[in-house]
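Novice: I would like the atomic coordinates for the input below:
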Amino acid sequence: TTFKRAMAEARALEASTHRLIEDLAAADEEPMAALRSIVSALSATDPDADPDIDATDLEANLRKGRRITAKLPTALAAFTRLRNGDDPVAPNQELDHAANFLYMLNGEKPDAVLAETFDIALVLHADHGLNASTFAAMVTASTLADVHASVTSAVGALSGSLHGGANQNVMEMLKEVDATE
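Specialist: Model (predicted):
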């Protein structure tokens, strides 16, 4: 479809974003703090993030949202790989959104079951309802701040230990349990 093609075409990151990700990985930044910084920085290279574009321009906002959604998996996979001492993997336009993220994260195409499972997980998270991060984004957007500022607010709320940060704490605990064999 046209939407899927536009998403795939928007996955690549600009050189300045790659440099930021390299710096954040080298500093061993917390993942949610890195994500917050990356979302904010994406506005510097977004063609629709122009102060002369009306903040209520629906088409421009849809394009910005699509680009943010397309670029974040690329950025997160690159950040994770760099933190682990691996080179980033370029996006594969032939793969769908979920499969492409897993491909960039692990360096190999995922099997169909893993890709579908991850896709379902993404849909369930997107359909989570009015949670704290969605509310933060809505409040920011209601001030006519741009989409990048709104998503940055959402990521800030998501990083809190009573919201998405709880997921990070669970992952860290599971890693500790796994390390004890």
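
Novice: The longest helix seen in the chain packs against which elements?
Specialist: Determined from DSSP state H, the single longest helix within the chain is helix 58-83. Counting contacts by 3 or more Cβ pairs under 8 Å, 6 or more residues apart in numbering; DSSP states H and E, helix 58-83 is packed against helix 2-9, helix 15-26, helix 31-42, helix 97-106, helix 147-158. No exception for glycine: its C-beta is placed from N, CA and C like everyone else's.

Novice: again, 6 Å this time
Specialist: Under the contact criterion of 3 or more Cβ pairs under 6 Å, 6 or more residues apart in numbering; DSSP states H and E, helix 58-83 touches helix 15-26, helix 97-106, helix 147-158.

Novice: Can you tell me which of those is packed in deepest?
Specialist: Comparing these by mean neighbour count (mean count of other Cβ atoms under 10 Å), helix 147-158 ranks first with a mean of 23.

Novice: residues making contact with it?
Specialist: 35-36, 39-40, 43, 61, 64-65, 68, 132-133, 136-137, 140-141, 163-164 (Cβ atoms under 6 Å, 6 or more residues apart in numbering).

Novice: Of the residues you listed, grab the buried ones for PyMOL.
Specialist: Buried members of those, defined by 16 or more other Cβ atoms under 10 Å, are picked up in PyMOL with:
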select buried, resi 35+36+39+40+43+61+64+68+133+136+137+140+141+163+164
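
Novice: Skipping adjacent residues, who's closest to Met104 in space?
Specialist: Nearest non-adjacent residue to Met104, counting by Cβ to Cβ, 6 or more residues apart in numbering: Ala77, 3.6 Å away.
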